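Trainee: what follows is a predicted protein model with its sequence.
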Amino acid sequence: MRETRILEFKETIKNTFLKTVSAFSNYNGGTILFGVDDNGNVKGLPDVKQACLDIENKINDSISPQPNYTLEIQNNDQTIKLTVKSGLQKPYLYKSKAYKRNDTATIEVDTLEFSRLVLDGKNISFEELPCKDQELSFKILQCKLKENIYIETFNQDTLKTLNLYDNINGYNNAAGLLADKNHFSGIDIVKFGENISIIQKRVTFEHISVLEIYEKALAVFRDYYQYEVIQGADRKMVEKIPEAAFREAIANALIHRIWDINSHIRVSMFDDRIEVVSPGGLPAGITAEEYLSDKLSILRNRNLANVFYRLGLVEIFGTGITRIKQLYAESLIKPEFEVSENAIKIVLPIFETNVNLTEDEKVIYKFLSKTMLKPISEIAPYVPFGKSKTTQLLKAMEKKGVIAVEGKGRGTKYIIK
């Protein structure tokens with residue numbers, strides 16, 4: 001065994017474990033094993049029944065409000081398992097401070113994180129708080145409502161129906177995000193050339209309606225990943241990357257990100273892929289596996305998501321990841337999804353369908369690049385073939401005109417044409 005974000009070992013009972021109880025209660029819960037050293041070895045406790053009483057008394061006397069936990073004696077009366085559940089009355093304080101887990105360490109939360117815990121404990125989201133800007137206009141929202149769902153009348157009652165305004169607090173932050181002008185960050189888009197040292201275009205969309213940001217991001221996308229092919233009298237639009245997948249990625253980034261920090265959604269455009277990185281990891285109560293499989297959807301910005309849903313820009317039931325995967329069902333190279341504590345990253349590759357390849361060749365194709373020459377040493381370890389068969393398959397792909405080969409001997413490298 002080893003310590004993780006949700007598992008900690010304590011060889012003896014010292015007050016430092018109370019910080020971890022605070023952390024587990026404030027976030028996703030966890031387990032503390034007493035009588036186990038840092039390496040996961042069982043050392044045992046001299047009197048487990050008395051130890052249980054000590055742990056219980058320390059928690060009840062030191063953590064406020066009362067956390068939800070259970071104690072269990074294990075390993076033939078040698079160790080104690082303390083299971084702490086995520087609480088509803090956040091923040092849970094130890095000596096007037098709130099804590100969180102940072103990998104295997106327990107640290108005090110900063111002021112911003114503390115404010116988020118207070119809101120979470122009151123079941124209030126940032127988007128529901130009063131917006132600091134109260135002189136707002138909504139021409140873009142009004143136009144979109146008229147175009148998409150044929151709402152002709154737009155007034156304060158419309159904003160109330162959309163949960164963007166109330167008579168006591170005025171406009172909330174969700175309204176601010178949808179207003180024509182605001183103080184919020186937006187999207188930073190960079191189109192790279194052959195490498196990251198070559199920037200072909202850089203543009204930042206901020207302090208405007210998220211609906212306008214969404215449309216402007218799509219316009220940049222179309223400039224680089226769509227083109228027309230003339231076939232006789234007909235014109236056919238060709239997509240290098242499915243526009244529907246990019247729409248999903250941008251909409252997801254806008255409605256699921258955290259908005260209480262001044263950080264842009266970052267869109268990096270390359271010749272062979274697009275990377276969309278949104279600030280803020282997953283909301284509390286959902287795991288990476290649940291998010292990536294669309295088993296569970298927890299909306300961080302429910303009011304904003306509701307507007308996008310009404311306008312037909314997203315499916316509110318949290319099927320965005322599944323829809324992106326479905327759009328790439330016939331592609332050799334699949335999209336990638338990365339979830340970390342502070343960000344979510346979606347990688348949309350160029351759509352590739354090469355029917356001339358065998359199934360084995362398709363496996364190798366996924367590990368090749370259109371922009372970077374790769375030697376056999378960077379390919380063979382990642383495919384289920386030996387070096388000899390991998391080399392034979394690469395030669396066959398060269399004969400089919402799918403890849404190019406440069407160099408000789410140990411200097412041989414491969415690249416997608």
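Mentor: Yes, it's here. Numbering: from 1, shown residues only.

Trainee: would you map out the domains in the protein?
Mentor: According to the TED database, the chain comprises the domains 7-122, 127-178, 187-349, 359-416.

Trainee: now mean neighbour count and mean pLDDT too, for those domains, in CSV please.
Mentor: From N, CA and C alone the C-beta is placed, and that goes for glycine too. Formatted as CSV, the domains of the chain follow (neighbours: other CB atoms under 10 Å; pLDDT from 0 to 100):
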stretch, mean neighbour count, mean pLDDT
domain 7-122, 17, 94
domain 127-178, 16, 94
domain 187-349, 17, 89
domain 359-416, 15, 90
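
Trainee: need those in CSV (columns: distance to Met1).
Mentor: As requested, those are exported to CSV (distance: least, CB to CB, whole Å):
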stretch, distance to Met1
domain 7-122, 4
domain 127-178, 40
domain 187-349, 20
domain 359-416, 29
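
Trainee: show me where the chain has its helices.
Mentor: For the chain, the helices defined by DSSP state H cover 17-26, 48-62, 111-121, 139-149, 156-161, 173-178, 210-225, 243-256, 288-292, 302-310, 320-327, 359-365, 387-399.

Trainee: JSON lines for those, including distance to Pro91?
Mentor: Shown next, in JSON lines, are the helices of the chain (distance: least, CB to CB, whole Å):
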{"stretch": "helix 17-26", "distance to Pro91": "6"}
{"stretch": "helix 48-62", "distance to Pro91": "14"}
{"stretch": "helix 111-121", "distance to Pro91": "4"}
{"stretch": "helix 139-149", "distance to Pro91": "35"}
{"stretch": "helix 156-161", "distance to Pro91": "31"}
{"stretch": "helix 173-178", "distance to Pro91": "21"}
{"stretch": "helix 210-225", "distance to Pro91": "29"}
{"stretch": "helix 243-256", "distance to Pro91": "23"}
{"stretch": "helix 288-292", "distance to Pro91": "24"}
{"stretch": "helix 302-310", "distance to Pro91": "22"}
{"stretch": "helix 320-327", "distance to Pro91": "31"}
{"stretch": "helix 359-365", "distance to Pro91": "49"}
{"stretch": "helix 387-399", "distance to Pro91": "54"}
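
Trainee: retrieve the pLDDT associated with Val355.
Mentor: For Val355, the pLDDT comes out at 69.

Trainee: for the residue nearest the centre of the chain, give its distance to Gly87.
Mentor: Against the mean C-alpha coordinate of the chain, by CA atoms, centre = their mean, the closest residue is Ile344 at 2.2 Å. Going from Ile344 to Gly87 by CB to CB, to the nearest Å gives 25 Å.

Trainee: what's the span of stretch 89-96, first residue to last?
Mentor: For stretch 89-96, the first-to-last residue distance is 15 Å (CA to CA, to the nearest Å).

Trainee: contact partners of it?
Mentor: 18-19, 21-22, 25-26, 62-65, 67, 98, 109, 114, 117-118, 120-121 (CB atoms under 8 Å, 6 or more residues apart in numbering).

Trainee: thinking again about what came up before, what sits against the residue nearest to the centre of the chain?
Mentor: Asn252, Ala253, His256, Val277, Ser278, Gly280, Gly281, Leu282, Phe337, Glu338.

Trainee: same deal with Pro349?
Mentor: Ile241, Asp272, Arg273, Tyr328, Ser331, Ile333, Lys334, Pro335, Glu336.

Trainee: apply 10 Å and report the result again.
Mentor: Counting by CB atoms under 10 Å, 6 or more residues apart in numbering, Pro349 touches 240-241, 245, 270, 272-274, 328, 331-336, 366, 370.

Trainee: the residues you listed in strands, which ones?
Mentor: With DSSP state E as the criterion, strands contain Arg273, Ile274, Glu336 from among the contacts of Pro349.

Trainee: then stretch 188-201 to PDB, C-alphas only?
Mentor: Extracted in PDB, the C-alpha atoms of stretch 188-201 (Å, rounded to 0.1, in the frame of the first residue of the first chain):
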ATOM      1  CA  ASP A 188      -6.900  32.900 -25.600                       C
ATOM      2  CA  ILE A 189      -6.300  31.200 -29.000                       C
ATOM      3  CA  VAL A 190      -2.900  30.600 -30.500                       C
ATOM      4  CA  LYS A 191      -2.400  29.000 -34.000                       C
ATOM      5  CA  PHE A 192       1.100  27.500 -34.200                       C
ATOM      6  CA  GLY A 193       3.100  26.800 -37.300                       C
ATOM      7  CA  GLU A 194       5.600  23.900 -37.700                       C
ATOM      8  CA  ASN A 195       6.600  24.200 -34.000                       C
ATOM      9  CA  ILE A 196       5.600  26.200 -30.900                       C
ATOM     10  CA  SER A 197       8.300  28.900 -31.800                       C
ATOM     11  CA  ILE A 198       6.200  29.900 -34.800                       C
ATOM     12  CA  ILE A 199       3.000  31.700 -34.000                       C
ATOM     13  CA  GLN A 200       0.800  32.300 -37.000                       C
ATOM     14  CA  LYS A 201      -2.000  34.000 -35.100                       C
END
